[in-house]
Structure formats: structure tokens, C-alpha cells
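> Structure for this input, please:
(one chain, ligands or ions: 1)
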Amino acid sequence: MTAALFAALLVTFPAENQKLPATVRTYVIGAAETNRRERLYLNDVEIDVYRTGAFLTMVKVSPGENTLTFSQGTNTLVRRFTVAPPPDPAAPLPPSKPHDPYADLGIPTNAVFAAKPPPGTPPKNVHVMVDAGHGGTDSGALTPCGLKEKDFNLAQALSLEKTLTKAGFKVTMTRTDDSFPALYDRPRRAYREKVDLFISIHHNATGCGSNPREARHTVTYASNDKGLALARAVQKHVAQVMAPVRDIGAQIKSLAVCRNPAIPSCLVEVDFINLPEGEEESGDPVRREKVSKAILMGILDWIAE
Ligand SMILES: [Zn+2]
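Purely as a prediction, here's the structure:
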């Protein structure tokens, strides 16, 4: 996955006429031609262009209309967007509705957890479901060069499929192309096919108010204790190959694909792709293979526990 699909100057975020929630600053990402000698300016302040052409910078914004003017040599690009006013502290909070995390999966809440394969189980007796996050009309996060998270997830998931198959595991993919299996159909299918474990692959991005370069980390999520044991084993190895990217460990988060009460499930957020370094490294097939091997090591550790 390489960039340079853009003309002279590309601004990926914010989009033209985008409405941002209330914030005092936002990140701006895009790409500029690297074979040009001219420097890149944003509102007359020079900004750094990464070797791939990608750029990331933070800008101060104000409620209402904002304008960014980019220029590189004779090329200029103007981007307008609006920022919502700060919320009224006196306004009542919107009502939160109670949520049954399992009901919407269509899996009985009293479903029996699949027993973890006992230590010594040969890989051929272990069925892994690998889920490439997003797909089809759901792009996920965007990189500075305008590449889509769904494609990074698929490439990583296909690499993982290869690694696990080679190690002897039975592997089922939720998608192998740019399709979009409905979110809840993924864990439902894992339940239906009685797989032994479910691993979802994603790449991360920050919200509009934080700096992706400062936020960059690697994390594996689970939504229950069964998933957490798997997430911890996987994260330990993934963090090692991702170093020096910050390791924030395995964490509990309520995620549709991980709330499966029946199957140990986890979701790996490999890297942040809305910064130039994360975009470049996540597109590297060598790194991808290292991450796949790390996930394999994690699964083997988990089985051996
Ligand atoms: Zn995602």
C-alpha cells in the first residue's frame, strides 16, 4: 500500500465542510508531493512533510467557521470546516438507556463458554476465527494519504490466516475481500460454528481533539474474563514486536465482536494509522508478518496456560 494517489496536495482530515464536535484544537492530516522542493505551509506557517509525503499537524480552532489555507509552491488548497460551540454546562445530560450487552448478539446469556483448549491440544484441533474489522462501505479510520483502515485490517488478517494455517490451526475468516459482514453476524457466526477463539484485527485513530502522535499505542481488548486471558497472552507478544510503540496492555472494553458470552474473543488494535509513521509501518509487509507471528505465539501461550 503506497500513497501518491493524490494530485499535488491532499487534505484527508478535516473533510471539506466537516462539522467537528466542540474542541479547542484538532489534528490535520494529508499528503503533499515529495519530489517538490517547495516547502509546505499551513496558514503561512511551515509544516513538516514525512518522507512518504504524509503530514500531520495540530491546529487551534474556534467555534463556528474555520479556514485552513495550504500552499506548496504554486499549489494552494483551502479547507473550510465548522466547530460546534462548547456544551452548556447547565444543560441536562442526555438520558442513557440500559443496555444488555448480550441480548443483541442473539446468543443466550446462559450460553456455556467454550472450554479453553486444554494445554497440549494440537493446533489441528483448535478452530480460530479471524475477523478483519470494517469492510465495504465501512472504511474505518483514514490515514494522512487517504488510505483506509479496512484495507490494513484485511491485509493483516490475511497474513494472520497464513501464519496460523501454516502452524496447523483450523482458520475461518469473517471476510477475505472488501465486503462488510454485519457487525453482530461476526460473533454470531463464531457461536454457530463453535470456534475455539475469535480474534478481530483493527487499526486505531484518535478522536479529532487529540494528537495521534502522542496517543499512539498498541492494545488488545476483551469484553469479559474469558476473552481477557486470551487478550493478555496475545498483547504480550504483539507489544514486543510493536516496541517502541507504547504498550497499554490488555484492557476490558464493551465491543460488539468481543461481547460473545460463548467464545473467548479479543480485538487487537495493532497501531494508529492517522499519523505518518503509523501509516507507513502498518503498510509494511515485514511488520505485518511479525505481528501475525506474535499473535500466533500469544495463542500458543494461551492454550498452554
Ligand atoms: Zn476499527
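> May I see the buried residues of stretch 146-164?
146-161, 163-164 (16 or more other C-beta atoms under 10 Å). All C-beta atoms are positioned from the backbone trio N, CA, C, and that covers glycine.
> quick one: it to chain centroid distance?
11 Å (C-alpha atoms, centre = their mean, to the nearest Å).
> and if you look at stretch 201-215?
So, by C-alpha atoms, centre = their mean, the centroid of stretch 201-215 is 9 Å from its chain's centroid.
> Whether that stretch contacts the ion - can you check?
Yes - contact of stretch 201-215 with the ion (C-beta under 5 Å from the ion) involves His202.
> Just the buried positions in that stretch, please.
By 16+ other C-beta under 10 Å, the buried positions in stretch 201-215 come out as Ile201, His202, His203, Asn204, Ala205, Thr206, Cys208, Pro212, Arg213, Ala215.
> still on that earlier bit, which of the buried residues of stretch 146-164 fall in helices?
149-161, 163-164 (DSSP state H).
> Specify the local secondary structure of Thr69.
What DSSP: H, G, I helix; E, B strand; the rest coil gives for Thr69 is strand.
> how deep is it tucked in, by neighbour count?
Number of residues near Thr69 (other C-beta atoms under 10 Å) recorded here: 12.
> Pairing partners for it in the sheet, please.
Val78 (DSSP bridges).
> From what I see, it and Leu40 are in contact.
No - counting by C-beta atoms under 8 Å, Leu40 is not a contact partner of Thr69; they are 11.5 Å apart.
> looking at this, Ser292 is in a helix?
Yes - assessed with three-state DSSP, Ser292 lies in a helix.
> ok, the residue of the stretch 151-300 of the chain found nearest the ion - contacts?
Residue of the stretch 151-300 of the chain nearest the ion, by C-beta to the ion: His202 (3.6 Å). Contact analysis of His202 by C-beta atoms under 8 Å, 6 or more residues apart in numbering lists Gly133, His134, Gly140, Glu149, Asn153, Leu267, Val268, Glu269, Val270.
> what's the closest of those to Leu77?
Top of the list for closeness to Leu77, among the contacts of His202 and by C-beta to C-beta, is Glu149 at 23.8 Å.
> for the closest residue in space to that closest one that isn't next to it in sequence, helix, strand, or coil?
Closest residue in space to Glu149, ignoring its immediate chain neighbours: Gly140 at 2.9 Å, by C-beta to C-beta, 6 or more residues apart in numbering. Of the three states, Gly140 takes coil according to three-state DSSP.
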